[in-house]
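Undergrad: Okay, sequence plus prediction incoming.
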Amino acid sequence: MTYGTHARLYVFAEKHALKRLQKISLNKLYWTLAEFPLDVNRASGILEAVRGCPESNSNSPFTLIVHYIIFNLKILRDCPEFLLFL
């Protein structure tokens, strides 16, 4: 599974009020991002994930991915796809 899949699964679980699945998918997303070696060529996956997440509460995939983007901004600023996204 990729980070985009974990994020979409969280949205599905939220829609159907599956709290345990929300917690699991958010945890999986966290660890996937933590282990993900980001470079300019792989930035499109992060952008796909953030596009697929609606903004919601502070404990959501959107917030987690935005924090990840901010943390890796030095790498992402060299990515043309990311600059178009902004």
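TA: Okay, I see it. Please read all numbers here as calculations on a predicted model, not as lab measurements. Numbering: from 1, shown residues only.

Undergrad: average pLDDT across stretch 79-86?
TA: The pLDDT scores in stretch 79-86 average 86.

Undergrad: in this protein, which residue is closest to the centre?
TA: For the chain, the residue whose C-alpha lies nearest the mean C-alpha position (Cα atoms, centre = their mean) is I65; its distance is 3.8 Å.

Undergrad: How many neighbouring residues does the closest residue to that residue other than its chain neighbours have?
TA: Closest residue to I65 apart from its sequence neighbours, by Cβ to Cβ, 6 or more residues apart in numbering: V50 at 4.8 Å. C-betas here are computed from N, CA, C, even on glycine. Neighbourhood size, V50 [other Cβ atoms under 10 Å]: 19.

Undergrad: which ones are touching I65?
TA: By Cβ atoms under 8 Å, 6 or more residues apart in numbering, the contact list for I65 reads Y3, A7, L29, L33, I46, A49, V50, C53.

Undergrad: For A49, see how far away it is.
TA: In this structure, I65 and A49 are 5 Å apart, going by Cβ to Cβ, to the nearest Å.

Undergrad: May I ask which helix or strand encompasses the residue nearest to I65?
TA: With the criterion set as DSSP states H and E, the secondary-structure element containing V50 is helix 43-51.

Undergrad: Now do the helices in the chain.
TA: 3-15, 19-35, 43-51, 61-71, 73-76, 80-85 (DSSP state H).

Undergrad: how near is K28 to L83?
TA: Counting by Cβ to Cβ, the gap between K28 and L83 amounts to 29 Å.

Undergrad: Please verify my assumption that G45 contacts A7.
TA: No - if you go by Cβ atoms under 8 Å, G45 and A7 don't touch, sitting 10.7 Å apart.
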